[in-house]
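**Q** how would this look folded up:
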Amino acid sequence: MSSSASAGTGKVNLSPYLKNFAARSKEGRELRKLPEASIQDLHDSGYFRALVPSQFGGHEMTPKEFFQIQTEIAEYDMSTAWVGGIIAVHAFQIALMDEQAQKDVYAENPDTRVSSSYNPVGGKTEPAEGGLMLSGRWGWSSGSDHCEWVLLGGIVAGEGYRTFLVPRSDYEIEDTWHSMGLQATGSNDIVIETPVFVPDYRTHKQMDGFNCLNEQSSSLYSLPWAQAFIRVVSTPAIGAAKHALKLFIENASTSSTDPTRLVGDPDVLRRVAEAENAIDQAETMMARNFDVMQALVDSGQEIPMVDRVRYRYQAGSVIKDMSEAVDQLFDVAGGRSVFVGAEIQNIWHDIHIARAHVANNPVGFARNWGNIMMGGDNQDVFV
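**A** Alright, predicted model coming up:
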């Protein structure tokens, strides 16, 4: 296992809690949400305030540091990394909103938890003085049972997409999450039957995010918001693939039947090397991309659009690459891997379920990148 979280920056310390996440993995699958004890551990580690502005007691960690820690959590339990990362990453978007919105959420508690459902299909908006009325149903709000606020996507007539920041008192959570993987993410539905008022200051326009407009003086928040969010639903797969590789190697060397069968098989050796290489490439690329982006915004420069599009494609390809790496191992993992509850099988399910997230389908992102490289215009504003 890596030591990025334990080394970190001194702001977040997950070292005392990582083994707890692994020990509670089975409980989380059965509950279909993270155990409260795991949420408390994430809170105590300081991870929820990783991206909260320093003026509210947050750490203002760089995205690279944030995602290196998320990767390490996933080496112990992918669902914990998924939920913890998604809840914590929302602080970045809220930091782009009006200062009053930031105060509403973080003034009294920098560890306030926020879930989301950005799909605008189920949302309805109506104009109102000083804001909008919002109602509808939104699916896949990971970790929502543990949160006090939610960010919801919606279309505003004549304008386009906005995100709406809504307090817990204004919505219901409907238990719908019965899945074959990532069971502990508790990705339930958010329901607002009677329209609620959302003031303009608690909304975020998609084009403001695209144009990197924000209320913060820190260069950290000059990074495109999309570059942070798209990584939060793919990076856990890197840690999960590391976990699968570790399990596979341990099984190969301690097999109760014939330890030499796997260790001495040339095809198995190839699979192990290729899986390790894929993991290394994914992790290295993620770190490099954030280093490049951070250096540009720190020096007051814009990130070239072709690079923003390229980075989105590369983030969207992580699940595909990690799925292929785990597939290679699972195909030859042996008879014990077929039994329900086998750790490597759980990882296989988790990574393949993560592929269902729209941000983890790289096909359209590849077309956009190729289009720009061939002289066309960007077709995606969430980059």
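**Q** dump the residue contacts of the most centrally placed residue in the chain.
**A** Most central in the chain under Cα atoms, centre = their mean is residue 232, positioned 2.1 Å from the mean C-alpha point. Residues in contact with residue 232 (Cβ atoms under 8 Å, 6 or more residues apart in numbering) are 67, 70, 85-86, 89. Backbone N, C-alpha and C define where each C-beta goes, glycine included.
**Q** now, those residues that are in strands?
**A** In strands, defined here by DSSP state E, there are no members of the contacts of residue 232.
**Q** leaving out sequence neighbours, find the closest residue to residue 371.
**A** residue 379 (6.5 Å; Cβ to Cβ, 6 or more residues apart in numbering).
**Q** list the contacts of that neighbour.
**A** Residue 379 touches 367-368, 371, counting by Cβ under 8 Å, 6+ apart.
**Q** same check, this time on residue 383
**A** 210, 224, 226-227, 305, 308-309, 311-312.
**Q** from these, which would you call buried?
**A** Buried subset of those (neighbour count, 16 or more other Cβ atoms under 10 Å): 210, 224, 226-227, 308-309, 311-312.
**Q** return the subset of those residues lying in strands.
**A** Among these, none falls in strands (DSSP E).
**Q** farthest-separated two in the residues you listed?
**A** 210 and 311 (14.0 Å; Cβ to Cβ).
**Q** related to what we said a few turns ago, I'd like the contacts of residue 232 as a markdown table, with pLDDT, neighbour count and distance to residue 153 appended.
**A** As requested, the contacts of residue 232 are exported to a markdown table (pLDDT from 0 to 100; neighbours: other Cβ atoms under 10 Å; distance: Cβ to Cβ, whole Å):
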| residue | pLDDT | neighbour count | distance to residue 153 |
| --- | --- | --- | --- |
| 67 | 98 | 28 | 23 |
| 70 | 98 | 27 | 22 |
| 85 | 98 | 28 | 19 |
| 86 | 98 | 24 | 14 |
| 89 | 98 | 23 | 15 |
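**Q** determine which two of those are furthest apart.
**A** In these, the most distant members under the criterion Cβ to Cβ are 67 and 86, with 12.2 Å between them.
**Q** surely residue 58 is in a strand?
**A** No: per DSSP: H, G, I helix; E, B strand; the rest coil, residue 58 lies outside any strand segment and is coil.
**Q** show me what contacts it?
**A** Each residue near residue 58 by Cβ under 8 Å, 6+ apart is listed here: 49-52, 91, 106, 110.
**Q** how far away is it from residue 324?
**A** 37 Å (Cβ to Cβ, to the nearest Å).
**Q** now residue 310
**A** Residue 310 sits 20 Å away from residue 324, taking Cβ to Cβ as the criterion.
**Q** looking at the two, which one has more neighbours?
**A** residue 310 (19 against 14; other Cβ atoms under 10 Å).
**Q** what sits against that one?
**A** Contacts of residue 310 (Cβ under 8 Å, 6+ apart): residue 369.
**Q** switch the cut-off to 10 Å
**A** 289, 304, 365-366, 368-369, 372-373, 383 (Cβ atoms under 10 Å, 6 or more residues apart in numbering).
**Q** what two of the residues you listed are the furthest from one another?
**A** 304 and 366 (17.9 Å).
**Q** okay, the two: which has more neighbours?
**A** Taking neighbours as other Cβ under 10 Å, residue 304 and residue 366 compare with residue 366 leading, 17 against 12.
**Q** contacts for the helix or strand hosting that one?
**A** According to DSSP states H and E, residue 366 maps onto helix 363-373. For helix 363-373, contacts defined as Cβ under 10 Å, 6+ apart pick out 230, 304-317, 320, 358-359, 362, 376-380, 382-383.
**Q** so who does the nearest residue to residue 167 once chain neighbours are set aside touch?
**A** Using Cβ to Cβ, 6+ apart and skipping residues adjacent in sequence, the residue nearest residue 167 is residue 149, 5.7 Å away. Residue 149 makes contact with 90, 94, 101, 104-105, 112-116, 165-171, 202 under the criterion Cβ under 10 Å, 6+ apart.
**Q** can you report phi and psi for residue 149?
**A** Note on residue 149: backbone dihedrals following degrees, to the nearest 10 are phi -140, psi 170.
**Q** distance of it from residue 245?
**A** In terms of Cβ to Cβ, residue 149 sits 37 Å off from residue 245.
**Q** equivalent analysis for residue 152, please.
**A** From residue 152 to residue 245 the distance is 37 Å (Cβ to Cβ).
**Q** those two: who's more crowded?
**A** Ranked by neighbour count (other Cβ under 10 Å), residue 152 and residue 245 place residue 152 first, with 26 against 22.
**Q** where does the more buried one fall, secondary structure wise?
**A** Taking DSSP H and E as the criterion, residue 152 maps to strand 149-156.
**Q** once you drop chain neighbours, what's closest to residue 39?
**A** Setting aside the residues directly before and after it, residue 39 is nearest to residue 146 in space (Cβ to Cβ, 6+ apart), at 4.9 Å.
**Q** contacting residues for the one you found?
**A** Residue 146 neighbours (Cβ under 10 Å, 6+ apart): 33-34, 36, 38-40, 42-43, 83-84, 87, 113, 115, 186.
**Q** next, it: phi, psi?
**A** phi -100, psi 10.
**Q** from residue 158, how far off is it?
**A** 36 Å.
**Q** could you pull out the strands for the stretch 101-250 of the chain?
**A** Shown for the stretch 101-250 of the chain, the strands assigned by DSSP state E, counting those that start in this stretch span residues 114-117, 123-128, 131-141, 149-156, 160-167, 172-174, 188-199, 203-205.
**Q** residue 340 is nearest to which of those strands?
**A** Distance to residue 340, taken as Cβ to Cβ, is lowest for strand 188-199 among these, at 23.6 Å.
**Q** re earlier: direction included, what does the strand holding residue 152 pair against?
**A** Paired strands of strand 149-156, with direction, are strand 114-117 (parallel), strand 160-167 (antiparallel) (DSSP bridges).
**Q** now mean neighbour count and distance to residue 329 too, for these, in JSON lines please.
**A** Supplementary listing: those in JSON lines, determined by neighbours: other Cβ atoms under 10 Å; distance: least, Cβ to Cβ, whole Å:
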{"stretch": "strand 114-117", "mean neighbour count": "26", "distance to residue 329": "32"}
{"stretch": "strand 160-167", "mean neighbour count": "20", "distance to residue 329": "38"}
